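> Okay, predicted coordinates and the sequence, questions at the end:
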Amino acid sequence: MNDPDFAPFLAVGALGAIDAHVARTLGSRLGELRGDVLLAVALAVRAPQHGHVCVDLRGVELAALVPERRDDEPVDLTGLALPPDRDAWRARVAVSPLVRETEVGSTPFVLRDGLLYADRYFHYETVLRDAFRRRLAESRTVGDPALLARGLDALFAAPPDGSVDLQRQAALAALTRGAVVISGGPGTGKTWTVRNVLTLLFAQWAASAPGTSPPRVAVAAPTGKAAARVVESIRAGLTDHVERARRALPSGVEPAALASFLSDLPPWTIHRLLGYNRENPTRFRHDAERPLAFDVVLIDEASMVDVALMAKLVDAVPAGARLVLLGDRHQLASVEAGTVLADLCGVGDLPAPHAAVVFLTRSRRYAPDSGIARLAAATLAGDEGGAVDAVPTWPASGPGSLVVDARGDVVGRDIGRLPPTPTGGLPASVRGLVVAGYRSALERLKGGLRAGEDLPTLHRDVLGRFDRFRVLAAHRRGSLGVETLNEAIEEWLRDEGLLTAIRNPWYLGRPVMIRRNDYGVRRFNGDVGLVVRGPDSDPIVVFPGSDGGVEYLAPVRLPDHETVFAMTIHKSQGSEFDDVLVVLPDQPSPILTRELVYTGATRARKRLTLLAQPEVLASAVRRPVQRASGLAERLWTPT
C-alpha cells in the first residue's frame with residue numbers, strides 16, 4: 001500500500017486534514033514513504049480526537065475510527081480500507097524510522113504491544129504508570145495508631161451481615177498509603193467516606209502537632225459544579241458528623257475545631273488548582289519542580305479526567321502528600337483522550353489486585369429491587385433483555401407529576417418508558433412531563449419576592465427548584481438532540497405562560513451552561529445559571545455560590561455558553577436531579593453505549609423516564625465504550 005489515499009477517512013471524520021499533513025510531512029522528512037505506515041501514523045495522530053490514547057494496530061475496527069459524538073445520521077464506511085494482514089502491517093510500522101519500540105528515544109511515535117502512540121501520549125501514560133505504581137505502594141506513617149483504631153470504630157459501624165466494611169477499608173488505605181482509588185456508583189458513600197478520612201487525618205494532626213497549621217487539603221474536580229457539589233456534600237449534616245466524631249478526636253480537642261476545618265474547605269477546578277495559564281493553556285504553574293502546597297489532594301469525578309490532565313496533576317502532587325481519587329469507573333470516560341479511572345481500577349472486568357483500589361458496591365440511594373437499580377445493573381452486565389424489562393411503558397398520559405412521601409421517597413414506580421412517535425419525534429406526553437418539571441422554578445421566579453425576602457434568597461430557591469428536573473439527550477443535533485429539544489421546550493414553556501419574550505436572548509428564566517473555563521470571571525465549563533432580574537431590574541445571570549449562597553454575572557461578561565433546558569448526557573456528569581428525562585435517538589448510533597445509558601440513568605435520584613425504542617436501548621446495552629489505551633495493562637499486568 002503506497003501513496004495513501006486519505007480522502008475516504010477525511011470524508012467521515014476518521015482523519016482530519018492536519019493529521020494527514022503531519023503524517024506526510026514527517027514521512028517526507030524522515031524517509032518514510034510507505035502508504036500503510038503513513039496511514040497508521042495519521043491514525044495515531046488523530047486517535048486522541050476520538051478519545052483514544054493510541055491506535056490498536058492488532059484489531060482496530062473501522063467503526064472505532066468514526067468520531068464518538070456524531071449525530072444520528074448513518075455513516076457510510078464502505079470507502080474505508082485498512083491493510084487486511086494486521087500482523088504484516090504492524091511489522092512494517094515497527095521498522096519505520098518514525099517509530100521506536102523502546103520507552104526511551106526521540107522518534108515521534110512509539111509502538112508497544114501493537115499499540116501505536118504519538119510520543120506525547122506515550123509519555124503521559126508512562127508518567128501515570130510510574131506515579132501510581134509508586135504512590136499505591138508507598139506507606140504513610142500514622143502518629144497515633146491507637147487513636148486511628150478508635151476513630152475507625154467511631155466512624156464506621158460494622159455491617160450487620162458481618163461482611164467487610166469497604167468504606168472502612170478505603171479510609172484505612174487513604175491514611176496509610178500514598179494514594180487511594182475509591183470507585184462506586186451513586187449513593188455508595190464515596191463522599192461520606194472521604195469526610196471520615198479527613199476527620200481521621202485531622203485527629204492525627206491534633207494529637208501530634210496541635211500548635212501547627214492543620215492539614216492543607218485541596219478538594220477539586222474537573223468542573224466547577226462538580227467541585228462545589230463535593231464540598232457541599234462534605235459540609236452537609238456537619239453537626240451530626242462532628243458529634244459522631246467525638247470519640248475519633250484526641251482528648252481536649254473540641255468538635256467545633258473539626259467543624260471549622262471541614263467547613264472551610266474551598267472547591268477547586270483541577271485547572272485552577274494547577275495554575276491555569278491562559279496564554280499557554282497546555283502548561284500549568286505547578287508541576288514536579290513547583291509542586292502544589294497541599295498535604296492531601298482529593299479529586300472527585302475522576303472518570304472525567306483525561307490522560308493528559310491526570311499526568312500533569314500527579315506530576316504536581318508533592319512526594320509526601322496523599323492523593324485520593326473518587327469516581328465511578330462505569331461512568332462515561334472523559335471527553336478528551338483516555339479512560340484513566342477505569343484503567344486504574346483494573347484490566348477489563350478484572351479488578352485491580354491492590355488494597356489501595358477499593359470498590360464500594362452497596363448503594364444507599366436505590367433499593368436493589370428499584371427500577372433504576374435494575375436498569376443500571378442490567379446495563380453494566382450487558383444484559384439487554386434485563387435492561388428493557390426494567391423499564392416498563394408509562395401510561396399513554398405519561399408519568400404524571402412526581403409524587404413523594406414525607407421522607408422524600410418516590411411513591412410508586414420510579415422508572416418508565418415513553419416511545420417516540422412513529423416518525424421519530426416527541427410524543428405529546430413529553431410536553432406535559434417537561435412543563436411539570438420546570439413549572440415550580442419558573443413560577444417561583446415570576447412570583448417575585450415574598451415578605452421579608454431578599455433577591456439572593458429568592459434566587460437560591462429558584463436554582464434549587466430548577467435542579468430538581470432535567471432533560472438529558474445522547475446527541476447534540478438531530479431530531480431528538482439537545483438543540484431541537486431546547487427549542488421545543490422554550491416554545492412549550494412560553495405557551496404555558498411560564499416564559500415570555502424567548503426571542504430575546506436574556507429572557508427571564510433562561511438557563512445557561514458555561515462551555516469554556518474563564519478564570520477571570522470564575523466561571524467554569526459545566527456551570528449552570530439562570531437569567532433573573534437584578535436590583536435595577538436589568539437581566540443578570542445567577543449561579544450557585546461555592547459557600548451555599550449565590551453569585552451574579554452580567555450577561556456581557558459570560559464566557560461561551562448555551563441554553564440548557566436540555567443537555568447532553570456527557571455534560572450531565574457530576575450532576576444529579578430528582579427527576580430525569582433521558583432521550584435516546586430513534587436509531588442505534590455509534591455514541592450510544594452502555595456507559596452512556598448507565599450515566600444518564602444514574603443522574604436520577606428519584607424518578608427516571610426514558611424516551612426510547614426498546615431495540616435502541618438494547619443496542620446501546622450491547623455496545624460498550626471501546627477506547628484504545630495501554631495504561632491498565634502496563635500498570636497491572638506483570639512484566
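Perfect, I can see it now. Numbering: from 1, shown residues only.
> Only C-alpha atoms from now on, for both contacts and neighbour counts.
OK.
> Please, where are all the helices along the stretch 201-350 of the chain?
Secondary structure of the stretch 201-350 of the chain (DSSP state H, counting those that start in this stretch): helices located at 224-235, 238-244, 255-263, 270-274, 307-316, 340-344.
> do the stretch 451-600 of the chain as well
455-466, 482-495, 594-601.
> could the ones you listed go into CSV alongside distance to R112?
CSV is the format used below for the helices of the stretch 451-600 of the chain (distance: least, C-alpha to C-alpha, whole Å):
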stretch, distance to R112
helix 455-466, 49
helix 482-495, 40
helix 594-601, 28
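> Determine which stretch of the helices of the stretch 201-350 of the chain is the most buried.
Across the helices of the stretch 201-350 of the chain, averaging neighbours per residue (mean count of other C-alpha atoms under 10 Å) puts helix 340-344 on top, at a mean of 25.
> in what helix or strand does the closest residue to A355 other than its chain neighbours lie?
The shortest distance from A355 to any residue other than its chain neighbours is 7.1 Å, reached at A173 (C-alpha to C-alpha, 6 or more residues apart in numbering). Assigned by DSSP states H and E, A173 belongs to helix 166-176.
> neighbouring contacts of that helix?
139-142, 152, 156, 179-180, 182, 189-190, 193-194, 196-197, 200-201, 322, 324, 355-360 (C-alpha atoms under 8 Å, 6 or more residues apart in numbering).
> just for the stretch 501-639 of the chain, where's the confidence low?
546-548, 639 (pLDDT under 70).
> Where does pLDDT dip in this structure?
1-3, 67-75, 278, 281, 396-412, 424, 546-548, 639.
> Setting aside sequence neighbours, what's the nearest residue to T599?
Closest to T599 by C-alpha to C-alpha, 6+ apart is Q331, at 5.3 Å.
> Tell me who's in contact with the one you found.
So Q331 contacts 303, 595-596, 598-599 (C-alpha under 8 Å, 6+ apart).
> Pick the one among the residues you listed closest to L341.
Checking those against L341 by C-alpha to C-alpha gives S303 as the nearest, at 5.1 Å.
> which residues touch that closest one?
327-329, 331-334, 339-342.
> Of the residues you listed, which is the nearest to G385?
Scanning those for proximity to G385, where the rule is C-alpha to C-alpha, the winner is Q331, at 20.8 Å.
> separation between the closest one and V583?
17 Å (C-alpha to C-alpha, to the nearest Å).
> just T269 next, same as before
Counting by C-alpha to C-alpha, the gap from T269 to V583 is 29 Å.
> more crowded one of the two?
V583 (28 against 24; other C-alpha atoms under 10 Å).
> and the more buried one, bridged to which residues?
A473, L611 (DSSP bridges).
> what's it in contact with, if anything?
Per C-alpha under 8 Å, 6+ apart, neighbours of V583: 471-474, 480, 610-612.
> now the strands: where do they sit in the stretch 501-639 of the chain?
For the stretch 501-639 of the chain, strands defined by DSSP state E, counting those that start in this stretch occupy the ranges 511-514, 528-533, 539-544, 550-553, 561-563, 566-568, 577-583, 604-611.
> is it true that G382 touches A620?
No - with contact defined as C-alpha atoms under 8 Å, G382 does not count as touching A620 (9.0 Å).
> When the two are compared, which one has more neighbours?
A620 (26 against 18).
> how many other residues sit next to the nearest residue to the more buried one once chain neighbours are set aside?
Excluding its sequence neighbours, the residue lying closest to A620 (C-alpha to C-alpha, 6+ apart) is T593, at 4.5 Å. A total of 25 residues lie near T593 under the criterion other C-alpha under 10 Å.
> gap between T593 and L584?
Distance from T593 to L584, by C-alpha to C-alpha: 11 Å.
> can you check G224 too?
From G224 to L584 the distance is 27 Å (C-alpha to C-alpha).
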